[in-house]
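Asks: sequence below, structure please.
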Amino acid sequence: MSEVPGPLDRRRADLARLAGSDWDVVIVGGGIVGAGALLDAASRGLRAALIEQEDIAAGTSSRSSRLIHGGLRYLEQFHVGLVREALAERRRLLHLAPHLVTLEPLLFPVYGVPFVTKAFFDTGLTLYDLLGARHDGGWHRRLSVAETLELVPPLHRPGLRGGLLYHDGMEDDARFTLAVVRAALAAEAQPVALTRVRGTGLRTDPAYGTIAALMARDLVSGADLEIRTRAVVDATGVWAADPSHPFASSSMRILPSRGAHLVVPRARIPAQTGMTIRVPGKVVFLVPWPDHWLIGTTDAPFDGSPDRPAADGWEIDRLLATVNETLDVDLRREDVVGTYAGLRPLIAPSRGGSTVKASREHRVTIESNGVVRIGGGKYTTYRLMARDVIDAVLGRDGARARPSATAEWRLAGAADLPALERLVAELGTIGDIAAAHPQAAARLVARHGTEAPGVAALGGTLGLLRPLAPGRPFLEAEVAWAARHELALSLDDVLARRTRLAVELPDRGAAIAPRVAAILGRELGWGEARQALEVESYLASATREYSVAPAVAPDA
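Replies: Numbering: from 1, shown residues only. Modelled structure (predicted):
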């Protein structure tokens with residue numbers, strides 16, 4: 001076991017607080033909206049708690065395209081207000097978490113009728129700039145055919161009319177969600193957040209029909225809990241559409257839509273910038289990730305279990321075809337090192353309709369018993385969604401008296417860019433870190449921000465400044481740090497969300513899983529048998545979720 005108080009000691013204390021206190025609001029769901037609601041409630045001084053049945057960001061919030069963007073494609077649907085709102089939030093998030101959100105260039109190659117096609121898309125990007133994009137990345141640029149090919153040499157040349165270069169935000173979605181939760185936990189209001197706790201139902205006051213308590217179960221011990229609270233926020237996303245939802249309602253119908261992504265090594269596609277590829281009805285992004293390209297996303301109705309979705313074979317084939325129809329790269333299945341899929345919690349239209357046109361705007365509803373539900377929306381506008389849902393908890397007068405304070409509330413690890421650059425330089429002078437990987441210091445700061453020196457110090461104390469995976473800029477110390485400070489309780493928590501190695505390593509992390517289990521085991525009290533069981537369980541899940549599904553038969 002680690003030094004007292006260890007992760008399990010703190011978890012037991014948090015469980016005791018959860019069951020032994022009276023709360024103003026309990027939030028069910030540890031995705032970005034639930035995390036944002038916890039921070040928003042804490043910013044107003046509310047007694048707030050969050051429970052999540054798996055891990056922070058285990059669902060949709062770790063399976064996005066990793067973009068913080070205004071939603072350029074929404075302009076074609078005339079959602080001007082939504083785009084303006086999202087661009088304002090993009091600007092804010094670049095300030096609130098500059099270590100996790102960066103602005104990157106994206107190329108929009110233009111094909112079609114000369115002048116007419118380019119003028120059409122140029123007008124759209126000009127509107128995008130006017131709505132707010134210019135404030136961060138400047139005005140977009142018009143590129144000639146030669147300039148476009150200089151950025152992305154393998155672009156198909158026939159019909160190419162040039163390109164448009166603009167900027168949008170990129171992020172690590174899982175770590176961002178975690179940073180929001182940890183910012184909340186550091187607030188003076190002292191909220192609590194617990195993973196592996198599942199909501200099972202409500203106890204209402206028989207006289208008034210309002211919530212008296214949220215019933216829950218600790219999935220670690222199997223113990224049942226009664227959590228006394230005045231209000232419950234249902235931030236379960238696509239789980240709200242699942243028939244097993246413990247307090248479902250017809251007030252809001254969620255329409256899950258699956259989006260799949262491919263992970264391809266950067267060297268496989270020779271391009272200097274990411275891309276926005278327009279296909280009929282939507283766009284596909286080529287998103288720059290530190291050592292890979294993320295290619296996505298599909299958009300299709302989904303009616304299966306929301307638990308751990310995976311990319312289907314047809315989605316992989318469609319994304320490969322889209323890339324190959326635009327670039328002369330002959331991208332094949334063997335080039336894909338991993339895949340992942342996420343479910344968007346769209347608000348169902350009143351009369352059918354496709355998921356492409358289902359509402360991306362969020363909606364808040366209030367049940368007579370005190371349950372407040374939130375659906376729809378997009379990752380970029382999570383803070384506004386969280387504000388609106390806590391406004392609903394408080395009511396009009398309460399919200400006026402205790403307004404949200406998250407607009408300038410920086411997240412865990414945040415600092416201005418010069419300070420982050422100084423940290424990189426300082427950490428780069430530590431011999432073990434410099435020897436681990438040329439980019440180890442920079443990537444450590446990119447993941448942890450101002451907490452990177454703490455990670456390095458812990459690694460020095462425990463002898464964990466060795467590389468976690470050969471040739472990759474991750475340190476073993478990050479595993480121990482994840483258990484001590486980031487609520488990690490499993491290999492999946494560490495490899496799939498704290499480091500993202502589960503989808504980036506072709507073996508899904510099989511070669512390093514025993515070492516990760518040994519480090520976690522020291523923190524969480526696992527013996528050798530438990531470590532072996534954790535490795536087996538993790539690999540079975542990771543192989544199912546992140547591997548390349550079989551190709552679809554021609555007649556399927």
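Asks: these two touch, right, Pro153 and Pro270?
Replies: Yes. In terms of CB atoms under 8 Å, Pro153 counts as a neighbour of Pro270; the distance is 5.9 Å. Using the backbone N, CA and C atoms, a C-beta is placed for each residue, glycine as well.
Asks: and the pLDDT at Ala207?
Replies: pLDDT for Ala207: 85.
Asks: list the contacts of the residue nearest the centre of the chain.
Replies: Centroid-nearest residue in the chain: Asp173, 2.7 Å away (criterion: CA atoms, centre = their mean). By CB atoms under 8 Å, 6 or more residues apart in numbering, the contact set of Asp173 is Ile32, Ala57, Ser61, Ser62, Arg63, Ser64, Arg66, Tyr379.
Asks: for the first one, give me the pLDDT.
Replies: As predicted, Ile32 sits at a pLDDT of 98.
Asks: find the nearest non-adjacent residue to the residue nearest to the centre of the chain, please.
Replies: The shortest distance from Asp173 to any non-neighbouring residue, by CB to CB, 6 or more residues apart in numbering, is to Ser64 (4.8 Å).
Asks: ditto for Ala469
Replies: Per CB to CB, 6+ apart, closest to Ala469 is Ile512, 5.2 Å.
Asks: what about the one you found, distance to Leu319?
Replies: With distances taken as CB to CB, to the nearest Å, Ile512 is found 28 Å from Leu319.
Asks: any idea how far Asp303 is from Pro345?
Replies: Taking CB to CB as the measure, Asp303 falls 14 Å from Pro345.
Asks: tell me which of those two has more neighbours.
Replies: Taking other CB atoms under 10 Å, Asp303 and Pro345 do not tie; Pro345 has more neighbours (26 against 8).
Asks: any idea which element the more buried one lies in?
Replies: Counting by DSSP states H and E, the element that carries Pro345 is strand 338-347.
Asks: same check, this time on Leu262
Replies: Using DSSP H and E, Leu262 sits within strand 254-265.
Asks: list the buried residues of that strand.
Replies: Applying a neighbour-count criterion of 16 or more other CB atoms under 10 Å, one finds Ile254, Leu255, Pro256, Ser257, Arg258, Gly259, Ala260, His261, Leu262, Val263, Val264 buried in strand 254-265.
Asks: check contacts around the residue nearest to Ala469.
Replies: Leu468, Ala469, Leu501, Leu505.
Asks: remind me which residues of the stretch 301-450 of the chain are low pLDDT?
Replies: Counting by pLDDT under 70, the ranges of the stretch 301-450 of the chain that qualify are 349-360.
Asks: strands of that one, start to end?
Replies: 338-347, 363-366, 371-375 (DSSP state E, counting those that start in this stretch).
Asks: compare these and give me the one nearest Asp22.
Replies: strand 371-375 (17.6 Å; CB to CB).
Asks: buried ones in the closest one?
Replies: By 16+ other CB under 10 Å, the buried positions in strand 371-375 come out as Val371, Val372, Arg373, Ile374, Gly375.
Asks: what's the spacing between the closest residue in space to the fourth one that isn't next to it in sequence and Arg466?
Replies: The shortest distance from Ile374 to any residue that is not its chain neighbour, by CB to CB, 6+ apart, is 4.6 Å, and that residue is Val389. Between Val389 and Arg466 the distance, using CB to CB, works out to 43 Å.
Asks: who has more neighbours, those two?
Replies: For Val389 versus Arg466, the count of surrounding residues by other CB under 10 Å is larger for Val389: 27 against 13.
Asks: shouldn't the more buried one be in contact with Gly29?
Replies: No. Look at Val389 against Gly29 with CB under 8 Å: they stay out of range, at 10.8 Å.
Asks: between the two, what contacts are shared?
Replies: Joint contacts of Val389 and Gly29 (CB under 8 Å, 6+ apart) are Val233, Ala235.
Asks: where does this protein dip in pLDDT?
Replies: Ranges of the chain meeting pLDDT under 70: 1-4, 115, 281, 349-360, 553-556.
Asks: how about the CA coordinates for stretch 365-382, as CSV?
Replies: The C-alpha trace of stretch 365-382 is given here as CSV (Å, rounded to 0.1, in the frame of the first residue of the first chain):
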residue,chain,number,x,y,z
THR,A,365,-36.1,20.2,-18.3
ILE,A,366,-37.3,20.2,-14.7
GLU,A,367,-39.4,17.3,-13.3
SER,A,368,-42.0,18.0,-10.6
ASN,A,369,-40.0,15.8,-8.2
GLY,A,370,-36.9,17.9,-8.5
VAL,A,371,-34.9,16.0,-11.2
VAL,A,372,-33.2,18.4,-13.6
ARG,A,373,-32.3,16.9,-17.0
ILE,A,374,-29.8,18.1,-19.6
GLY,A,375,-29.5,16.8,-23.1
GLY,A,376,-28.1,17.7,-26.5
GLY,A,377,-25.3,20.3,-26.8
LYS,A,378,-21.7,19.9,-27.8
TYR,A,379,-18.4,19.6,-25.9
THR,A,380,-17.3,23.1,-26.6
THR,A,381,-20.3,24.7,-24.9
TYR,A,382,-20.3,22.4,-21.8
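Asks: okay, buried residues for it please.
Replies: Neighbour-count burial for stretch 365-382 [16+ other CB under 10 Å]: 367, 369-382.
Asks: again with stretch 417-426
Replies: Result for stretch 417-426 [16+ other CB under 10 Å]: buried residues Leu420, Leu423, Val424.
Asks: tell me the contacts of the first one?
Replies: The neighbours of Leu420, taking CB under 8 Å, 6+ apart as the test, are Pro98, His99, Val445, Gly449, Thr450.
Asks: the fourth one contacts His99, doesn't it?
Replies: Yes. The pair Gly449 and His99 passes the contact test of CB under 8 Å, sitting 3.6 Å apart.
Asks: who touches both of the two?
Replies: With CB under 8 Å, 6+ apart, Gly449 and His99 have common neighbours Gly413, Ala414, Ala415, Leu420.
Asks: ok, so what distance separates the first one from Ala183?
Replies: So that's Gly413. Applying CB to CB to Gly413 and Ala183 gives a distance of 9 Å.
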